[in-house]
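Undergrad: Pasting a predicted model and its sequence here:
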Amino acid sequence: MNLVVGLFFRKMVLFDDDDDLEREEEEDSDHYMIVAALLSDIADMEENERTKKEKRRESVPGHIVVPRDIYGTNLRIIAQYFADPPIYNAKFFRRRYRMLRELFLRIVAEVEAHDDYFRQKRNACGVPGATALQKVVGSFRMLAYGVPVDSVDEIVSLAQSTMIDIFKKFVRAVVEIYGDQYLRAPNVEDTKRLIAMNSARGFHGMLGSIDCMHWRWKNCPTAWKGQYTGHVDGPTMILEAVASQYLWIWHSFFGLPGSLNGINVLQRSPLFQKLTSGTAPELEYVVNGNKYTMGYYLADGIYPSWSTFVKTISNPEGNKKKHFSTMQEAVRKDVERAFGVLQARFAMVRGPARWWDKETIWYIMTACVILHNMIIDDERGEDVDFEYDQDDTEVLTKADYERRDPLLLRKFLAIHRRIQSRHTHDQLRDDLVEHLWARHDAQ
């Protein structure tokens with residue numbers, strides 16, 4: 001480009017000699033022709049570069065085109081499970097997809113309406129692509145059986161790379177659509193139902209059982225393995241959960257490194273966020289003649305001695321304390337059973353996680369918890385229209401706390417002190433010991 005500019009500016013030089021001027025004019029004429037040719041070449045080069053960028057690239061060398069019958073596969077899936085009558089009846093469908101057919105079809109329709117990616121589209125040749133049914137069937141097979149992505153190609157006729165994208169979008173859609181409803185904290189009606197359910201078992205004021213579960217992370221990056229490796233062999237991620245007698249998981253907090261214990265997880269958990277912000281449902285119950293205003297969770301020995309936890313008695317002495325320890329340890333198995341059913345339904349969270357990024361793993365675990373609750377809600381046989389609107393109990397954020405006046409701040413700290421009261425914890429446990437023993441004698 002500098003050569004072109006130099007040639008242009010040479011005509012600006014003035015010559016005193018006429019012969020030299022005439023000779024230079026002839027040379028300038030030649031130079032103009034050279035410049036024009038150079039400019040033409042530059043324009044051609046720019047046009048070629050632009051055309052090369054716009055041109056569609058060829059297939060990767062060695063790539064094999066698999067003639068998948070996507071349309072025929074969709075018809076086969078419909079004939080197997082959704083025709084009237086289907087090849088495989090409702091019992092087969094329940095066993096292979098972990099839920100009833102009506103709930104499955106509802107999920108397919110709502111996921112398709114939520115994300116345009118799941119709608120059937122035509123490719124550049126006008127050939128119809130996979131339907132939402134095929135995409136959701138493949139995703140559920142991966143969750144239910146924990147199989148690698150490539151193995152579902154034979155079931156839904158979708159390539160590995162395509163199925164990876166579908167699966168990631170599916171678990172994200174499940175969380176976005178159903179998270180507010182099926183991962184909600186207990187509202188007023190839920191709290192009343194939980195209190196009545198557990199009072200019948202002898203534990204007045206109990207809201208559920210709390211514990212942690214580890215999910216092994218097979219493809220944890222080497223730089224993080226030390227942080228994510230704890231008492232369980234290999235790197236893991238922790239799920240903290242609260243479950244009820246019917247195995248509904250009311251609280252799910254997932255993603256912390258496996259090197260932490262229950263206390264470390266609890267300190268980072270939002271379990272008591274509503275209680276400390278003053279937006280939790282009001283609660284009042286009486287045990288052994290003493291009144292309490294905060295619910296509690298059954299926990300194992302690692303949890304702190306707070307008023308919101310009831311733990312067993314190590315080495316109990318006397319029939320009363322032995323009976324209490326037996327009852328506490330039996331009822332606390334609710335959360336253990338919930339973990340077992342969750343892993344039995346979705347083998348993906350029973351085996352090691354094969355994904356690389358933490359965000360995808362979080363969406364997988366959260367989606368499995370949501371689907372677990374959806375199955376319980378669909379199959380428990382209760383004809384109740386639950387009210388999920390909780391706009392009046394919105395959880396306050398950190399910014400809300402910073403704007404609070406000193407009076408409200410003192411109230412906030414007072415709630416924290418009540419939660420962590422060792423005296424209330426000991427008194428509540430002693431009252432439950434007496435209450436359960438009196439109940440045992442009456443029976």
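TA: Okay, I see it.

Undergrad: Would you mind measuring from the residue nearest to the spatial centre of the chain to His440?
TA: Against the mean C-alpha coordinate of the chain, by CA atoms, centre = their mean, the closest residue is Tyr363 at 2.4 Å. Applying CB to CB, to the nearest Å, the value for Tyr363 to His440 is 46 Å. C-beta: built from backbone N, CA, C; applies to glycine.

Undergrad: In which helix or strand does the residue nearest to the centre of the chain reside?
TA: Element membership for Tyr363 (DSSP states H and E) is helix 358-379.

Undergrad: in that helix, what's buried?
TA: For helix 358-379, burial by neighbour count (16 or more other CB atoms under 10 Å) applies to 358, 360-377.

Undergrad: For Arg337, give its distance to Tyr182.
TA: With CB to CB as the criterion, Arg337 and Tyr182 are 19 Å apart.

Undergrad: With neighbour numbers in mind, choose between the two.
TA: Tyr182 (21 against 13; other CB atoms under 10 Å).

Undergrad: Spit out the contact partners of that one.
TA: Ile370, Asn373, Met374, Asp377 (CB atoms under 8 Å, 6 or more residues apart in numbering).

Undergrad: The same query, at a cut-off of 7 Å, please.
TA: With contacts defined as CB atoms under 7 Å, 6 or more residues apart in numbering, Tyr182 is in contact with Ile370, Asn373, Met374.

Undergrad: His204 too?
TA: Tyr285, Val287.

Undergrad: Next: Met237.
TA: Per CB under 7 Å, 6+ apart, neighbours of Met237: Trp215, Trp217, Tyr228, Phe254, Gly255, Leu256, Gly258, Ile361.

Undergrad: Just read off the phi/psi values of the fourth one.
TA: Translated: Phe254. phi -130, psi 150 (degrees, to the nearest 10).

Undergrad: How is the protein divided into domains?
TA: 70-181, 188-381+391-442 (automatic domain parsing).

Undergrad: Would you reformat those as JSON lines and include mean pLDDT and distance to Leu39?
TA: Shown next, in JSON lines, are the domains of the chain (pLDDT from 0 to 100; distance: least, CB to CB, whole Å):
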{"stretch": "domain 70-181", "mean pLDDT": "92", "distance to Leu39": "38"}
{"stretch": "domain 188-381+391-442", "mean pLDDT": "87", "distance to Leu39": "51"}
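
Undergrad: As a markdown table, these with distance to Ala37 would be great.
TA: Formatted as a markdown table, the domains of the chain follow (distance: least, CB to CB, whole Å):
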| stretch | distance to Ala37 |
| --- | --- |
| domain 70-181 | 41 |
| domain 188-381+391-442 | 54 |
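
Undergrad: Quick check: which of these is nearest to Met33?
TA: domain 70-181 (46.3 Å; CB to CB).

Undergrad: my guess is Ser265 contacts Gly255, does it?
TA: Just to correct that, residue 265 is Val rather than Ser. No - the criterion here is CB atoms under 7 Å, and Val265 misses it with Gly255 at 10.0 Å.

Undergrad: Alpha carbons of stretch 217-225, in PDB - could you do that?
TA: Extracted in PDB, the C-alpha atoms of stretch 217-225 (Å, rounded to 0.1, in the frame of the first residue of the first chain):
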ATOM      1  CA  TRP A 217     -17.500 -36.300  40.300                       C
ATOM      2  CA  LYS A 218     -15.600 -38.500  37.900                       C
ATOM      3  CA  ASN A 219     -14.400 -35.800  35.500                       C
ATOM      4  CA  CYS A 220     -13.400 -33.300  38.200                       C
ATOM      5  CA  PRO A 221     -10.500 -31.100  36.900                       C
ATOM      6  CA  THR A 222      -7.100 -32.100  38.400                       C
ATOM      7  CA  ALA A 223      -6.600 -28.600  39.900                       C
ATOM      8  CA  TRP A 224      -9.800 -29.000  42.000                       C
ATOM      9  CA  LYS A 225      -9.500 -32.600  43.100                       C
END
